[in-house]
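In: Model the following, please.
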Amino acid sequence: MPALSGPPRRVGHKGADRIAPGNTRASFDAALAAGVDMIEFDVLSERADGSGSLWLAHDHGDLHARVLSLSEGLDHLAGEAFSGIELDVDLKLPGYELRVLDALREHDLVGRALVSSMFPTSLDVLGAAEPALRLGWSVPRVRRDFTAHPMSKLPALAALEGYRRWLPGRARREVSRGRFHAIMAHWRLASAELVRAVSEAGGEVYAWTVDDPRRIGALTRLGVHGIITNDPRLFSSGSIATE
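Out: Numbering: from 1, shown residues only. Model (predicted):
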């Protein structure tokens with residue numbers, strides 16, 4: 001099983017979205033300056049069917065004249081300054097998996113990349129094409145946080161509780177057979193049972209997206225392998241209690 005030699009990996013969401021606009025060079029540079037171990041960024045196709053140009057964007061509302069293309073983003077992240085930084089390449093839709101793989105190969109970044117998606121079939125396509133590529137299943141499959149809205153909060157929390165109980169067994173099976181190498185779980189789904197199941201199967205658990213220093217401390221004590229935040233400065237915050 002993966003052994004934690006210290007605190008969890010510090011992962012910057014979209015680079016450092018709370019410091020500079022996410023999925024931009026400035027955001028990646030801010031994450032690097034904050035001392036991250038890994039940078040997460042989004043890859044989206046121009047059209048919903050997976051066709052068209054590939055951009056660093058979370059959704060189609062983010063597409064504008066200044067958005068980085070996938071090639072531009074990888075050019076920057078392949079630079080010497082980022083040589084020790086891992087990459088979490090989050091695919092927002094199915095249909096362009098192999099084009100992303102080709103771009104990672106072109107920039108010699110396959111070894112530094114973990115490709116994540118909420119669509120298991122996308123990960124299957126990548127696993128068949130490049131067995132050396134690490135894959136992360138992102139759960140649950142939602143487009144927005146339904147717990148943040150008063151009208152949907154209670155049913156969303158109930159659904160998440162059922163999902164939380166179901167997930168460790170499913171995650172153990174999928175990681176054990178090599179389908180996935182990591183589980184990218186919303187922080188509400190992170191549990192001792194999930195961490196134990198995935199670790200025993202030889203995989204890792206990453207919790208997203210965590211912008212509360214107390215929650216970062218709790219997840220650290222839980223033993224997750226990585227924590228994804230919009231503000232990586234929080235990892236050095238004195239308010240994080242890890243004991």
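In: alpha carbons only for contacts and neighbour counts from here, please
Out: Fine.
In: Ranking helices and strands of this protein by mean pLDDT, which lands last?
Out: In the chain, the helix or strand scored least confidently by mean pLDDT, DSSP states H and E is helix 150-176, which has a mean of 87.
In: phi, psi of the spatially closest residue to residue 20 that is not a sequence neighbour?
Out: Nearest non-adjacent residue to residue 20, counting by Cα to Cα, 6 or more residues apart in numbering: residue 27, 4.8 Å away. With angles defined as degrees, to the nearest 10, residue 27 sits at phi -70, psi -40.
In: Run through the residues that contact residue 27.
Out: Listed by Cα atoms under 8 Å, 6 or more residues apart in numbering, the contact partners of residue 27 are 14, 15, 16, 17, 19, 20, 21.
In: can we see that at 10 Å?
Out: Shown in contact with residue 27 (Cα atoms under 10 Å, 6 or more residues apart in numbering): 12-21, 33, 39, 230.
In: With residue 18 instead?
Out: By Cα under 10 Å, 6+ apart, the contact list for residue 18 reads 12, 27, 30, 31, 211, 229, 230, 231, 232, 233.
In: Between those residues, which sits nearest residue 64?
Out: residue 27 (16.5 Å; Cα to Cα).
In: From residue 224, how far off is the closest one?
Out: When distance is defined by Cα to Cα, to the nearest Å, residue 27 is 24 Å away from residue 224.
In: related to what we said a few turns ago, mark which of the contacts of residue 27 are buried, thanks.
Out: For the contacts of residue 27, a burial check counting by 16 or more other Cα atoms under 10 Å picks out 12, 13, 14, 15, 16, 17, 18, 19, 20, 39, 230.
In: For the second one, what are phi and psi?
Out: In this case it means residue 13. Backbone torsions of residue 13, given as degrees, to the nearest 10, read phi -80, psi 120.
In: So in terms of bridging, what pairs with it?
Out: Going by DSSP bridges, residue 13 is paired in beta bridges with residue 40.
In: correct me, but it touches residue 232?
Out: Yes: under the criterion of Cα atoms under 10 Å, residue 13 makes contact with residue 232 at 8.3 Å.
In: what touches both of these two?
Out: Listed as contacting both residue 13 and residue 232 by Cα under 10 Å, 6+ apart are 31, 210.
In: Tell me where this structure has strands.
Out: Applying DSSP state E to the chain gives strands spanning 9-13, 38-45, 54-55, 86-91, 113-117, 134-139, 182-186, 204-208, 226-229.
In: As CSV, those with distance to residue 61 would be great.
Out: Shown next, in CSV, are the strands of the chain (distance: least, Cα to Cα, whole Å):
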stretch, distance to residue 61
strand 9-13, 18
strand 38-45, 11
strand 54-55, 12
strand 86-91, 16
strand 113-117, 19
strand 134-139, 21
strand 182-186, 23
strand 204-208, 22
strand 226-229, 22
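In: Looking at the ones you listed, spot the one closest to residue 124.
Out: Closest to residue 124 of these is strand 134-139 (Cα to Cα; 8.9 Å).
In: Also compute the angle for that closest one relative to strand 182-186, please.
Out: Angle of strand 134-139 versus strand 182-186, following axes from the mean of the first three to the mean of the last three Cα atoms, to 10 degrees, is 30 degrees.
In: Now do the residue nearest to residue 12 when sequence neighbours are not counted against residue 74, distance only.
Out: Nearest non-adjacent residue to residue 12, counting by Cα to Cα, 6+ apart: residue 39, 4.9 Å away. Residue 39 sits 12 Å away from residue 74, going by Cα to Cα.
In: From residue 95, how far out is residue 49?
Out: Using Cα to Cα, residue 49 is found at 7 Å from residue 95.
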